[in-house]
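K.L.:
Give the three-dimensional model of this entry:
(one chain, ligands or ions: 1)
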Amino acid sequence: MDYLRHLAEHLPFSVTDQTSLTPVTGAVAAFTAFLALYSIKNAASSSQKRSPLPPGPPTKWFWQNPFPKRDVARNFAALADQYGGVYTLSAGNNKFVVVASYEAALEIMEKAGGSTTDRPRSVVGGELMARSGRLIFEGAGDHFRTVRKAVHTALQPKAAKSYQPIQIDHARRVILNIMDNPDKFADHLQSYASSVTIQIMYGKCTPTSATSPEVQRILQNGRNGSNSLIPGRFIIEALPVLKPLHRLGGMKRICDALENTPGIWWLGRAEGTAASSFLRNMIETQDEHRLPDYELAEVTSILFGAGSDTTTVGLNFAILAAAEFPEELKKVHEELNKVVGRERAPSFNDMGSLPLLQAFIEEVLRWRPIVPIGIAHSANKDVHYNGYVIPEGTTILGSHWAISRDSTAYPNPDSFLPSRWLESPTTSPPSSPKLRTDLRFFTYGFGRRVCPGQHVANRSLFLNLALIFWAFDVVRPSKDTVYDIDGWKDTLVMRPPPFKVRFVQRVPKDIVRRALGDMGGEN
Ligand code: HEM
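P.N.:
You can find the predicted model right below:
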């Protein structure tokens, strides 16, 4: 019974420890095997009548993991070299289509976005770790639309603009903190993202330290939940019949932690607070959207998880890129000298007039896509593409990393080239660089599931990086420093390995302090 041993190796009872196979789990697995073999047989005969799915590696047995075992994102890109920009991974009856090229992402995930809005069933993240209200796991349907609408209202461009004073306030602190304690820059960036998201979501006005136990707890819960979205991580996703066994071992600890999500605690606080916030607004409009308390707490706490780590990671990769590619940072510095000067600090009003900085940010987000594997969608209707059919119900993974390495759209994809985002100069030297409108990347995902926090996130990236690059030169600690730029791991949100940089003052500290004090709210 080799397959039972294989099942035992993959049982998700613990994220860190593995349990041995008991007679009970063995019996369940054997029963599952019978059911699955039966359904494979049926599927084989019905699939002969259908248009073909995109090609892919040979089908595996139903209990085998069809996904690369490690380095999922990089291996998705390698499989695209072999099978093309869209391919199918199969294990028994389960089919997964990977979208790995720019053109296919536009066609399948964007133009046909109305047919690829659903999410696949997520036993671990969506059912065991949360009861409901976690938008990210929600399948298409009325409930999804209700929650998505509420979230959209709080985060759409006009609302995002109204949070600018909050972002300015906390971005100022980042610069002052870097001047006081530059070695802890990563903590300052995490504190920024946590403070801004907590203030928008819960109305908490005082800064929130990245090291506060409360923040650490929410972030850890979020990471546990989000890592459950990595394909192939848990065999229970392929064999939901094993779900009743989940309350053993490490999985129980994770689920219990989520049950006691701090969102519930915050919910009580928001009711009593005077500050306006997403949660307070949701409580006041509860009659309209009819989401129960538990869901309000859940949806708000997942917004915190979704918005905090991702923004921090984007800022960290930009700092790394600045130190790794000084010639590109120099261009941004020249632009800041010309457009902003040294007497005032850059602000949101400069967003449209710093194309070289914008191109630098676009390239950071392509060079190191923050969510490298993407978050799985599912076809809610048959999708036709290049003579293939992706049948309704198929899981579709838009692989951000693989798309970012598509050399047709992004020549020399491994090089860091902000100029790829600029229109070809008509004069030499270029007089007024302009951002291209015919090229894009999918940092924030696809179609109707696109990240609703993107407007807030883009503003955070712009303001912090404009201020940091205006105030400092970001350099390697010594000329012998070598950065491990490829050392990121396959978590759902990728992170650079810890790195050090030196912040060299470009603008004298007293001018920086005065200029930061002069920054308005800009609403
Ligand atoms: C640089 C920062 C961010 C990145 C890179 C990012 C990326 C993503 C991606 C890739 C998705 C999945 C989209 C898809 O399924 O195709 C997503 C979904 C989501 N994001 Fe973000 N995000 C960021 C910031 C934020 C912020 C600031 C918030 C909220 C304040 C937020 C809230 C959400 C939510 C609620 C979803 C689930 C949407 C759904 O399933 O319908 N994100 N994000």
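K.L.:
can you count the residues close to Asp438?
P.N.:
5 (other Cβ atoms under 10 Å). Placement of C-beta: from N, CA and C, glycine included.
K.L.:
Model confidence for it, exactly?
P.N.:
Looking at Asp438, its pLDDT reads 96.
K.L.:
Look at it and give its secondary structure.
P.N.:
coil (DSSP: H, G, I helix; E, B strand; the rest coil).
K.L.:
Distance of it relative to the ligand?
P.N.:
22 Å (Cβ to the nearest ligand atom, to the nearest Å).
K.L.:
ok, how many other residues are close to the residue nearest to Ser101 when sequence neighbours are not counted?
P.N.:
Leaving aside its sequence neighbours, Ser101 sits nearest to Gly85 (Cβ to Cβ, 6 or more residues apart in numbering; 2.6 Å). For Gly85, the count of nearby residues is 22 (other Cβ under 10 Å).
K.L.:
contacting residues for Gly85?
P.N.:
Neighbouring residues of Gly85 by Cβ atoms under 8 Å, 6 or more residues apart in numbering: 99-104, 406.
K.L.:
can you put these in TSV and add pLDDT and distance to Val450?
P.N.:
Output for the contacts of Gly85, formatted as TSV (pLDDT from 0 to 100; distance: Cβ to Cβ, whole Å):
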residue	pLDDT	distance to Val450
Val99	98	15
Ala100	98	19
Ser101	98	19
Tyr102	98	16
Glu103	98	18
Ala104	98	17
Asp406	98	19
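K.L.:
Among those residues, which one lies nearest to Lys184?
P.N.:
Nearest to Lys184 out of the contacts of Gly85 is Asp406 (Cβ to Cβ; 37.3 Å).
K.L.:
Secondary structure class of that closest one, three-state.
P.N.:
Reduced to three states by three-state DSSP, Asp406 is coil.
K.L.:
Contact partners for it?
P.N.:
80, 85, 100-102, 413.
K.L.:
redo that, cut-off 6 Å
P.N.:
Listed by Cβ atoms under 6 Å, 6 or more residues apart in numbering, the contact partners of Asp406 are 101-102.
K.L.:
got it, and Leu417?
P.N.:
Leu417 neighbours (Cβ under 6 Å, 6+ apart): none.
K.L.:
and it, what pLDDT?
P.N.:
97.
K.L.:
ditto for Gly225
P.N.:
68.
K.L.:
Pretty sure Ile468 sits in a helix.
P.N.:
Yes. Using three-state DSSP, the secondary structure at Ile468 is a helix.
K.L.:
burial count for it?
P.N.:
Residue neighbour count, defined by other Cβ under 10 Å, stands at 23 for Ile468.
K.L.:
Show me which residues of the stretch 351-500 of the chain sit near the ligand.
P.N.:
370-371, 375, 377, 443-446, 449-453, 456-457 (Cβ under 6 Å from any ligand atom).
K.L.:
Drop anything exposed from those.
P.N.:
For these, a burial check counting by 16 or more other Cβ atoms under 10 Å picks out 370-371, 375, 377, 443-446, 449, 451-453, 456-457.
K.L.:
farthest pair in these?
P.N.:
Maximum distance among these (Cβ to Cβ): 22.5 Å, for His377 and Val456.
K.L.:
quick one: the helix or strand harbouring Thr153 near the ligand?
P.N.:
Using DSSP states H and E, Thr153 maps to helix 142-155. Yes. Counting by Cβ under 6 Å from any ligand atom, the ligand has neighbours in helix 142-155: 148, 151, 155.
K.L.:
With distance to Glu334 as added columns, please give these in a markdown table.
P.N.:
Shown next, in a markdown table, are these (distance: Cβ to Cβ, whole Å):
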| residue | distance to Glu334 |
| --- | --- |
| Arg148 | 42 |
| Val151 | 40 |
| Leu155 | 34 |
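K.L.:
Buried only: go through these for me.
P.N.:
By 16+ other Cβ under 10 Å, these give 148, 151, 155 as buried.
K.L.:
Mind putting those into CSV with pLDDT?
P.N.:
Listed next are these as CSV, based on pLDDT from 0 to 100:
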residue, pLDDT
Arg148, 92
Val151, 90
Leu155, 90
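K.L.:
which residues of the stretch 201-350 of the chain score low on pLDDT?
P.N.:
206, 208, 210, 214, 218, 221-222, 224-225, 246-275 (pLDDT under 70).
K.L.:
Could you pick out the residues of it near the ligand for me?
P.N.:
Contact residues (Cβ under 6 Å from any ligand atom) of the stretch 201-350 of the chain with the ligand: 303, 306-307, 310-311, 314.
K.L.:
Put together CSV for those, with distance to Val512, secondary structure and neighbour count on each row.
P.N.:
Listed next are those as CSV, based on distance: Cβ to Cβ, whole Å; DSSP: H, G, I helix; E, B strand; the rest coil; neighbours: other Cβ atoms under 10 Å:
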residue, distance to Val512, secondary structure, neighbour count
Leu303, 32, helix, 26
Ala306, 32, helix, 24
Gly307, 27, helix, 25
Thr310, 28, helix, 23
Thr311, 23, helix, 25
Gly314, 23, helix, 25
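K.L.:
is stretch 73-85 anywhere near the ligand?
P.N.:
No. Using Cβ under 6 Å from any ligand atom, stretch 73-85 never reaches the ligand; the gap is at least 12.6 Å.
K.L.:
Export only the CA atoms of that stretch, formatted as CSV.
P.N.:
Coordinates of each C-alpha in stretch 73-85 appear next as CSV, following Å, rounded to 0.1, in the frame of the first residue of the first chain:
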residue,chain,number,x,y,z
ALA,A,73,6.6,29.9,-8.9
ARG,A,74,9.9,29.3,-10.7
ASN,A,75,8.8,25.8,-11.8
PHE,A,76,5.6,27.2,-13.2
ALA,A,77,7.8,29.5,-15.4
ALA,A,78,10.0,26.5,-16.4
LEU,A,79,6.9,24.5,-17.4
ALA,A,80,5.8,27.4,-19.6
ASP,A,81,9.0,27.0,-21.6
GLN,A,82,8.1,23.4,-22.2
TYR,A,83,4.3,23.6,-22.7
GLY,A,84,3.6,27.2,-23.7
GLY,A,85,1.8,30.1,-22.0
